[in-house]
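Novice: What follows is a predicted structure for the sequence shown.
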Amino acid sequence: MIKGFVSHINIINEGEKEAVIVLENQKNYVIPMEMLPRNVEIDDFIIIDNGKVIIDPNSDDLKEQILQSLQEQMK
């Protein structure tokens, strides 16, 4: 299992999209949008486990931690 977040979404052909995922090991992973859960958006945290992708149920907590960390660094 590895965690990451949706960095951005690219349109590659007529209506076809791919998502760029930044993994917790800092590597980028590009996958077709069809492999992601419905309604996934940029900045959503996800879990990839044996090829299955789900939205991380703790993503709201993770977003809050990152926001606090960024605010502290900007002081």
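Specialist: Yep, that arrived.
Novice: Okay, buried residues for the longest strand seen in the chain please.
Specialist: What stands out as the longest strand in the chain, according to DSSP state E, is strand 2-11. For strand 2-11, the neighbour count (16 or more other CB atoms under 10 Å) marks Lys3, Gly4, Phe5, Val6 as buried. Where you see a C-beta, it was placed from the backbone N, CA and C, and this is true even at glycine.
Novice: Please work out the average pLDDT along stretch 57-74.
Specialist: The average pLDDT for stretch 57-74 rounds to 72.
Novice: Remind me which helix or strand Val53 belongs to.
Specialist: Using DSSP states H and E, Val53 falls within strand 52-55.
Novice: So what are the sheet partners of that strand and their directions?
Specialist: Here strand 52-55 is paired, per DSSP bridges, with strand 45-49 (antiparallel).
Novice: List the buried residues in the strand it pairs with.
Specialist: Result for strand 45-49 [16+ other CB under 10 Å]: buried residues Phe45, Ile46, Ile47, Ile48.
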